[in-house]
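A.B. asks: here is my input; please provide its structure:
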Amino acid sequence: SRRFGDSVGVEPGHLVGTRVVDVVAAEDRRRLEDALNELASGSVTERRLELRLEGPAGLRWANAALRSLPVEGRVPLIVAEFDDIDDIKAAVVRERHLGRRYHGLIDALPDPLFLLDPHGSVLFANRAASNSFDEFNVGGTWELGALGAKLLDAAKPAGSSGCRLRFSTDVDLRGGRRHFEVSLVVEVGAGDQLDSILAVMRDRTDGLEVAAELEHRANHDELTQLPNRVSFMESLRQSLSSLEGGDQEVGVLAFDLDRFKVVNDSLGHTAGDELLVEVARRLRTTLRPSDLLARMGGDEFAVLVRGL
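C.D. replies: Numbering: from 1, shown residues only. A predicted model of the protein is given here:
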């Protein structure tokens with residue numbers, strides 16, 4: 001037929017008298033010959049198989065439908081219909097290639113990623129998830145426990161596919177508690193029922209620790225670790241604001257160390273620093289928990305006394 005000739009790139013008239021196995025790729029000929037022999041023997045009446053047709057234009061995939069037509073006293077006639085599926089095959093190959101490519105990209109993400117079913121069971125976890133949460137993978141089976149329940153509970157309010165949710169949560173791991181920022185993408189199926197959950201978890205623990213350290217340094221004296229002038233003045237402002245309309249009062253004690261310069265000049269700045277640290281330690285032991293001791297700078301200290 002014209003369609004068959006187009007598939008192999010040969011005029012139909014030139015195919016007359018040609019064995020069908022001769023226009024099939026060498027790797028597929030054995031399968032076609034076996035199918036033809038089964039049909040000729042009468043053991044089967046139909047066979048279907050995918051194979052490659054070979055012609056001047058190259059190889060093209062085809063779906064072959066073979067049927068035997070009985071002829072009295074003779075070997076059955078065999079009718080072969082070929083549907084060109086080369087474009088379909090190429091699309092499948094491209095899709096598989098893209099799937100492997102996207103899978104590789106997802107696996108290379110630095111953040112842990114989980115794909116969960118509607119019941120919270122893990123369908124997929126990338127390499128970062130396996131590394132960060134390996135203790136939740138028991139014998140090849142993921143058991144997220146409380147974490148899985150949190151992800152599921154957070155996803156349930158979603159009303160439509162593609163809904164993006166974000167929240168933070170702490171997870172207790174073998175190495176200690178870690179703080180994660182969680183981004184969810186929820187897919188909803190028929191009847192607005194939850195279909196799947198994609199969870200990307202970014203570990204913010206180190207960033208929070210750095211931020212806390214920077215904040216501590218900004219508000220505390222590096223030598224004595226007491227609140228500094230900035231922190232003291234802010235606490236004083238808040239205390240004064242809270243007194244409006246109340247009966248309580250606050251007091252401020254300000255003092256410095258006599259002859260501190262003599263210590264620095266005679267024994268050196270290291271001895272002076274040790275003296276400041278010791279003074280801060282002793283003052284702490286004499287104050288109430290509600291009082292605030294601060295180093296204002298140099299050898300100057302101040303105490304904010306609350307609840308007078």
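
A.B. asks: assign Asn131 to helix, strand or coil.
C.D. replies: Classification of Asn131 using DSSP: H, G, I helix; E, B strand; the rest coil returns helix.

A.B. asks: contacts only, for it.
C.D. replies: Neighbouring residues of Asn131 by C-beta atoms under 8 Å, 6 or more residues apart in numbering: Pro112. Just so you know, the C-beta spots here come from the backbone N, C-alpha and C atoms, and that holds for glycine as well.

A.B. asks: distance of it from Leu113?
C.D. replies: The spacing between Asn131 and Leu113, counted by C-beta to C-beta, to the nearest Å, is 12 Å.

A.B. asks: and the strands in the stretch 51-200 of the chain?
C.D. replies: 58-71, 74-84, 113-116, 122-125, 137-138, 141-142, 163-173, 176-188, 194-203 (DSSP state E, counting those that start in this stretch).

A.B. asks: out of the ones you listed, flag the one nearest Ser241.
C.D. replies: For these, proximity to Ser241 was assessed by C-beta to C-beta; strand 163-173 is nearest, at 30.4 Å.

A.B. asks: quick check: next helix or strand after the lowest-mean-pLDDT helix or strand in the chain?
C.D. replies: Lowest on mean pLDDT, DSSP states H and E among the helices and strands of the chain sits helix 2-8, with a mean of 67. For helix 2-8, the succeeding helix or strand toward the C-terminus, using DSSP states H and E, is helix 12-15.

A.B. asks: report the buried residues of that following helix.
C.D. replies: Across helix 12-15, burial judged by 16 or more other C-beta atoms under 10 Å covers Leu15.

A.B. asks: quick one: low-confidence residue ranges for this structure.
C.D. replies: Residue ranges of the chain with pLDDT under 70: 1-3, 5-8, 14, 75, 95, 97-102, 157-163, 245-247.

A.B. asks: which ones are touching the spatially most central residue of it?
C.D. replies: With distances taken as C-alpha atoms, centre = their mean, the residue of the chain nearest its centroid is Leu113 (2.4 Å). With contacts defined as C-beta under 8 Å, 6+ apart, Leu113 is in contact with Ile106, Phe124, Ala125, Asn126, Ala128, Ala129, Leu198, Ala199, Val200, Met201.

A.B. asks: if I pick the fourth one, what's in contact with it?
C.D. replies: By that I understand Asn126. In this structure, Asn126 makes contact with Ile106, Asp107, Leu109, Pro112, Leu113, judged by C-beta under 8 Å, 6+ apart.

A.B. asks: count of residues packed around Phe232?
C.D. replies: Phe232 has 22 neighbouring residues, counting by other C-beta atoms under 10 Å.

A.B. asks: ok, it to Asp291 distance?
C.D. replies: 12 Å.

A.B. asks: identify the contacts common to the two.
C.D. replies: With C-beta under 8 Å, 6+ apart as the test, Phe232 and Asp291 both reach Leu304.
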